[in-house]
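# Dropping a prediction and its sequence here:
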Amino acid sequence: MNKIMSETLNSIDPEIYDLTKKELKRQRVHIELIASENFVPRSLLEIQGSILTNKYAEGYPHKKYYGGCEFVEVIEEIAVKRACELFGSDHANVQPHAGASANQAVFFATVNPGDTVLSMKLDHGGHLSHGHPVNFSGRFYNIVAYGVSRETETIDYDEVERLAKESKPKLIIAGASAYPRFIDFARFRSIADEVGAVLLVDMAHIAGLVAGGVHPNPTPYSDFVSSTSHKTLRGTRGAFVLCKKEYAQTLDRTVFPGMQGGPLVQSIAGKAVTFLLAGTEEFKEYSAQVVKNAKVLAKCLTERGFRLVSGGTDNHLILLDVRSRNVTGKEGEILLGEVGITTNKNMIPFDPAKPMVTSGVRLGTAAITTRGMKEPEMEVISDAIERVLSNPQNENIKKEVKAHMAALAEGFPLYPELVEPWVN
Ligand code: PLP
């Protein structure tokens, strides 16, 4: 066989090898608070780096358009079955490559260009693919947006109902990227029924909490549920859509051949293993700890004088209003990054700052909980956040906190058995 087939990445492409190795080190020494990120178990690194990447498998099990699918179609059947069992759904499509394309599939399956869709405002926590003007969703559909109330910073369900009655949407979307509270799925169902709309819940952020039983499950209330597999669900990067049986055929046809060609078979296998792991006792304990950690982090930050959007959290996510420290969200993200705490700037509801500046920083506990951190570490991290954001010019404090955060990370080793940034 050609020599290229057996040479290592390091010898073939030292530049990419070196950067991947640096990324492993970055993940190991940083305190990862990005709410949409997590660390996958070793078994998922194995499957993701497997020979499954070689296979074309257009179509669905037993109706594939390629030969040689006798093993990969069984993997897909297992993934579908496990998704349905885990979330209590009639049907699942495990082929969407990403969360945004999962949502696109539901749009294409339920509405036509020009139809009205009611979804959450991006600057109140909604996602780009729910109707932002630069996204396909905002370009091709008439988006009417609901938000949170100014007083409670929680979803204003009466406003959702009023907007639904006024605009008669064909599709209503619940679910968000930066919303720290439970969503009342039953209320969304009754609003959708009142106006004859289809209800999509995008549970990308909370899927792991739903699987672990620490967050209400949207499946019984929804016509469609979309999700990524890589956030709190702690799986390989990808997405899936659940739906009621009457939509199963339409959904499948929309994903393939409507939107995609060959699915990523290694990703489908990754989802199968992800669903298996998410059904375990250990995962239940993990997801309960994710929420406990978020609540403790929220309490510690409040005690240190920060304002949290909606006053706290019910899930894995906290939206920190950083204006009390006279910094912007953008500055907060940079300052925390300098000391090894990774976060992202985020709009807060009714934010006076521009989207690239913002007044908030979004924090999440899924990744640090995977590393084994618990309540005492939340106290330590909240102290670090407080010291850095309250002393943005003080280089000595930054140096001290950076060393402290690196030592904290070292105490909770990430992939200690890995020599290379993959499984050998
Ligand atoms: N839906 C929600 C609620 C999200 O938060 C995200 C990503 O953060 C997505 C969809 C999109 O997922 P992806 O980045 O895989 O396209």
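Cool, got the structure. Residues are numbered from 1 along each chain as shown.
# The residue in the chain positioned nearest to the ligand: what's it in contact with?
Closest approach between the chain and the ligand, counting by C-beta to the nearest ligand atom: Gly99, at 2.3 Å. C-beta here means a position set from N, CA and C on the backbone, and glycine is covered the same way. By C-beta atoms under 8 Å, 6 or more residues apart in numbering, the contact set of Gly99 is 127, 129, 202, 204, 226-228, 239.
# which parts of the stretch 1-150 of the chain sit against the ligand?
Contact residues (C-beta under 6 Å from any ligand atom) of the stretch 1-150 of the chain with the ligand: 36, 98-100, 103, 127, 129.
# of the residues you listed, buried ones?
By neighbour count, with 16 or more other C-beta atoms under 10 Å, these hold 36, 98-100, 103, 127, 129 as buried.
# Farthest-apart pair in these, please.
Largest separation among these by C-beta to C-beta: Ser36 and Asn103, giving 14.7 Å.
# Distance-wise, check Val106 relative to Ala35.
23 Å (C-beta to C-beta, to the nearest Å).
# Give me the contacts around the lengthiest helix in the chain.
In the chain, assigned by DSSP state H, the helix with the most residues is helix 281-303. Under the contact criterion C-beta under 8 Å, 6+ apart, helix 281-303 has outside partners 208-209, 211-215, 232, 234, 277, 308, 311-318, 320, 363-366, 368-370, 373-375, 377-379, 381-383, 385-386.
# for it, what is the average pLDDT?
Across helix 281-303, the average pLDDT comes to 98.
# Sort out which residues of it are buried, please.
Buried residues in helix 281-303 (16+ other C-beta under 10 Å): 283, 286-287, 289-302.
# ditto for stretch 333-344
Under 16+ other C-beta under 10 Å, the buried positions of stretch 333-344 are 333, 335-336, 339-344.
# wait, does stretch 208-226 contact the ligand?
No. Between stretch 208-226 and the ligand, judged by C-beta under 6 Å from any ligand atom, nothing touches; the nearest distance is 6.9 Å.
# what ranges of the chain fall below the confidence cut-off?
1 (pLDDT under 70).
# can you list the domain ranges for it.
Listed domain ranges for the chain are 30-39+281-410, 55-278 (source: automatic domain parsing).
# Could you dump those into CSV with distance to Ile4 added?
Formatted as CSV, these follow (distance: least, C-beta to C-beta, whole Å):
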stretch, distance to Ile4
domain 30-39+281-410, 31
domain 55-278, 20
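# which one of these lies closest to Thr8?
Per C-beta to C-beta, nearest to Thr8 of these: domain 55-278, 20.0 Å.
# So which bits of the stretch 201-350 of the chain are right by the ligand?
Checking the stretch 201-350 of the chain against the ligand by C-beta under 6 Å from any ligand atom, the hits are 202, 204-205, 228, 239.
# And those, which two are furthest apart?
His205 and Ala239 (12.5 Å).
# neighbour-wise, which of the two wins?
Neighbours were counted for His205 and for Ala239 using other C-beta atoms under 10 Å; His205 has more, 29 against 26.
# check contacts around Met259.
So, once contact is read as C-beta under 8 Å, 6+ apart, Met259 ends up touching 101, 104-105, 108.
# First-to-last residue distance for stretch 241-250?
12 Å (C-alpha to C-alpha, to the nearest Å).
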